[in-house]
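> Sequence and predicted structure are below.
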Amino acid sequence: MSLLRPKSTEEALNGAFETVKSRSLTRLAFERFARNKVAVVSSFILVILVLMAIFAPVAEMLTGYAMEFQDRNFYSAKPPNWEARHFFGTDQNGRDILVRVIFGLRISMLVALVAATVALIVGVLYGAISGLVGGWVDVLMMRFLDLLISYPLTLIAVIALAYFGRNIYIVFAIIGLVEWQIMARVVRGQVLSLRNSDFIEAARATGAPTGAIVRRHIIPNVIGIAVVYLTLTIPEVILVESFLGFLGLGVQEPNTSLGVLISEGATRVEHKPWLVFAPGAFLIILLMALNFIGDGLRDAFDPKDR
Amino acid sequence: MAYVLRRFGQMLILVVIALAAVFSTQRLAPGGPFDGEKPPPPDILINLEAYYDMDLGMPAQFMGYLFGMAARDVGANGRPGRVHWVSIPKAAEVSITGSLDGEDLGETLVVRKWCPWGEWLRRFVDKPVDARPLRKCGIVRGDFGLSMTKRNIYVNDYVRDGLPGTLKYAIPSLLFALFLGVPMGFVAAYFQNTRLDFSMVSVGMIGTIIPNLVMGPLLIYLLANQLDGFFHWIFVDQLEWVELSRRQRTLNLIPSGKSGGPIHYLLPTLVLGTALLGRIVRLSRAGALEALRSNYVRTARSKGLPNWLILFRHVLKPGILPVVTYLGPVSAVILTGSLVIEFTFSLPGLGSQFISAATDRDYTLLMGTTVILLLFVIVLNFIVDLLYTWLDPRIRTGGSPT
């Protein structure tokens, strides 16, 4: 029996080197992500939605209605009409809802992307400074964060938007400033655990300068978790944006966003439900896809699972 | 006790910081309460600004807003007013003469008792309370001042009218989410990894997946439209009860302005409550699972205690703990949610006042509503903290909470 025959050390080592190929952390995470069916399907849906948003003018071409075009025959919100190619109906001014929803999707995604980047930058900087400097600075910054977390920043965003909301870049920044606290906390935790880890200590023992340690070891290790939490921040930001749009703040005409479209339909839903169905469905699908992807990525990168 | 005091101090600091932030941003931001489509002539603008103390420096304004301000003469037609000190008169009504509209010098503003609990508070303040005849008790003494765009209306009155509209749906929806979500979470934990568990969690998830700005219209459509249509179909088309009046035929679910029967609570409560339900189910499920796996539950089982006793005595408290920590953030969810339901159902409430104040640059009204909404969130957080210390002995004894 070959199984019972004791192997020599050399043989065993050779075998080990043959079978075990080194796989990087990212590759492992991707494999784990690919096994998560919901997340994969969600990423396909997200890709489709992103393509729709990027090539929004194609919708104008397909339906034959420009976003601003007011169809005289379909004034005051008519239900879906396939002959006239108003697939989702028209709104109060006779504009095609499908086209408007796709353009709204575009603005919502743009806001989400930029605002999430703002949140990423603020959160990572805050968390990294707090974690790296340590000491009383850390205590003070974390205490401030504790205060902020139990604080409805959305209210402040409402006020700020009412005052400065004319400029779309300010809208981006304000929405981004609502959702950075979790990011800051996660990054700080990661930085702290890295600071106390053995390989950083080893690097320090070999005499590596602090700047090099931060550049070579801390930043690459923080980026992964920051990206994961970025994907979880994006749906939050989209929700905040559509909430503010719903209240009539934020994106102004002629631009539109999903929240604005929903608020236009919400008051008439009793008699004209199609006004709210299309933007609502798109918002729900978008949020669901993003949330599932974010959860999938977090599970894939979570070291506890390994 | 020291912990409670410290939390209370933090709470106060937070409110003051927030107030300072709102106060300074709104005054530094472009635009003001008085430049509408037709701005007032400069003389009157000077009077108006003096009337609302906007001619003072910002720190002085802020301190005045917080602690009340010395009485100042309003001044007439471009003439700056003098500053002098007056104490709060005992009378409930005071009339002053002012010249806010320029031409009409003899206009008399009848001012009602402006400081509801000033008399009561005076017992605790050594020095006599100084106040300007108009408002100026400062929010410390419960006076939010006079609205800037709606002449002669006190912010206090606005808040008094608006707050019930906001809280009316917040409390039932919180109760709904708690009393439905916690048992659902416990059932899910008890029957872990069965079909029941899965269905409980996914029912809870519906509200989290559908944001409440979509949930409102959706529920109106499903319950108010389709269900009513269904009843109509049954009673009128099938059973031919045509003599029913329209009022009897419909469920009349949509809340409308003033008339609020108990059935009107259904839709707003569902919209707000389902937003909370998912998190509460998941948290209570996680808490109950942890408790069910613990050694003390195994001990209780081995002693032969009946299941219901174990659930109530050993699993309930630790299972609820994560839900209690979530109740702090819940206040913010309820707040944004109540803004949404006020818009969806066109209800009167503090949220719509808050937004209109922000867009109209009504400084005092915005400050007043912000303070109230903030207090709502912060006080709830404070209560949750107290509740948590009471429930979790690890904090009381100085240990760290997990």
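Ah, there it is.

> Could you report the neighbour count for residue A:197?
Other residues lying near residue A:197 total 14 when counted by other Cβ atoms under 10 Å in any protein chain shown. Where you see a C-beta, it was placed from the backbone N, CA and C, and this is true even at glycine.

> Give me the below-cutoff pLDDT ranges for the stretch 251-400 of chain B.
Within the stretch 251-400 of chain B, the segments meeting pLDDT under 70 span B:251-253, B:256-261, B:393-400.

> and what of the stretch 51-200 of chain B?
B:51, B:68-137, B:151-152.

> what's the offset of the host helix or strand of residue B:328 from the middle of its chain?
Here residue B:328, judged by DSSP states H and E, is contained in helix B:316-344. Chain-centre distance of helix B:316-344: 12 Å, with Cα atoms, centre = their mean, to the nearest Å.

> Quick one: residues contacting the nearest residue to residue B:167 once chain neighbours are set aside.
Nearest non-adjacent residue to residue B:167, counting by Cβ to Cβ, 6 or more residues apart in numbering or on different chains: residue B:376, 8.0 Å away. By Cβ atoms under 8 Å, 6 or more residues apart in numbering or on different chains, the residues touching residue B:376 are B:166-167, B:331, B:335.

> Most neighbours out of those, which is it?
residue B:166 (27 neighbours).

> List the contacts of that one.
Contacts of residue B:166 by Cβ under 8 Å, 6+ apart are B:338, B:342, B:349-351, B:376.

> Just to check, residue A:217 is in contact with residue A:194?
Yes. Look at residue A:217 against residue A:194 with Cβ atoms under 8 Å: they come within range, at 7.0 Å.

> list the residues that contact both of the two?
Common neighbours of residue A:217 and residue A:194 (criterion: Cβ under 8 Å, 6+ apart): residue A:200.

> rewinding a little: name the helix or strand for the residue nearest to residue B:167, please.
helix B:363-391.

> Not counting sequence-adjacent ones, nearest residue to the residue of chain B found nearest chain A?
Nearest residue of chain B to chain A: residue B:358, at 3.5 Å (Cβ to the nearest Cβ). Spatial nearest neighbour of residue B:358, chain neighbours left out: residue A:162 (3.5 Å); criterion: Cβ to Cβ, 6+ apart.

> Counting neighbours, what do you get for that neighbour?
Quick note: residue A:162 (other Cβ under 10 Å) scores 25 neighbours.

> Distance-wise, check it relative to residue B:315.
47 Å (Cβ to Cβ, to the nearest Å).

> re the thing from before, now the contacts of residue B:166 in JSON lines, with distance to residue A:245?
Formatted as JSON lines, those follow (distance: Cβ to Cβ, whole Å):
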{"residue": "B:338", "distance to residue A:245": "18"}
{"residue": "B:342", "distance to residue A:245": "16"}
{"residue": "B:349", "distance to residue A:245": "20"}
{"residue": "B:350", "distance to residue A:245": "21"}
{"residue": "B:351", "distance to residue A:245": "16"}
{"residue": "B:376", "distance to residue A:245": "24"}
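
> biggest separation within these, which pair?
Within the contacts of residue B:166, two members stand farthest from each other by Cβ to Cβ: B:342 and B:376, at 14.3 Å.

> buried residues in the helix or strand hosting residue A:140?
In this assignment (DSSP H and E), residue A:140 forms part of helix A:135-149. Residues A:138, A:141-142, A:145, A:147, A:149 are the ones in helix A:135-149 that count as buried (16 or more other Cβ atoms under 10 Å in any protein chain shown).

> Let me know whether that helix sits next to chain B.
Yes. Residues of helix A:135-149 are located near chain B by Cβ under 8 Å from any Cβ of the partner chain, namely A:147, A:149.

> returning to what we had before: C-terminal to the helix holding residue B:328, which secondary structure element comes first?
helix B:350-360.

> residues in contact with that following helix?
Contacts for helix B:350-360 (Cβ under 8 Å, 6+ apart): A:155, A:158-159, A:162-163, A:247-249, B:33, B:149, B:158-159, B:162-163, B:165-166, B:335, B:338-339, B:342-343, B:362, B:365-366, B:369-370, B:372-373.

> what do you get for stretch A:221-235?
Contact with stretch A:221-235 is made by A:25-26, A:29, A:112-113, A:116, A:119-120, A:123-124, A:128, A:179-180, A:182-183, A:186-187, A:190-191, A:194, A:286-287, A:290-291, A:293-295, A:297-298, A:301, as judged by Cβ under 8 Å, 6+ apart.

> Now, of those residues, which are buried?
The neighbour count (16+ other Cβ under 10 Å) marks A:29, A:112-113, A:116, A:119-120, A:123-124, A:128, A:179-180, A:182-183, A:186-187, A:190-191, A:194, A:286-287, A:290-291, A:293-295, A:297, A:301 as buried among these.

> These also near chain B: which ones?
A:287, A:291.

> Just the ones of the buried ones among the contacts of stretch A:221-235 in helices?
A:29, A:112-113, A:116, A:119-120, A:123-124, A:128, A:182-183, A:186-187, A:190-191, A:194, A:286-287, A:290-291, A:293-295, A:297, A:301 (DSSP state H).

> residues touching the residue lying closest to residue A:85 once chain neighbours are set aside, list them.
Closest residue to residue A:85 apart from its sequence neighbours, by Cβ to Cβ, 6+ apart: residue A:63 at 4.9 Å. Residues near residue A:63 by Cβ under 8 Å, 6+ apart: A:85-87, A:96, A:98-99.

> 10 Å instead, please
A:69, A:84-88, A:96-99, A:102 (Cβ atoms under 10 Å, 6 or more residues apart in numbering or on different chains).

> Same question for residue A:110.
A:53, A:168, A:172, A:241, A:251, A:255, A:257.
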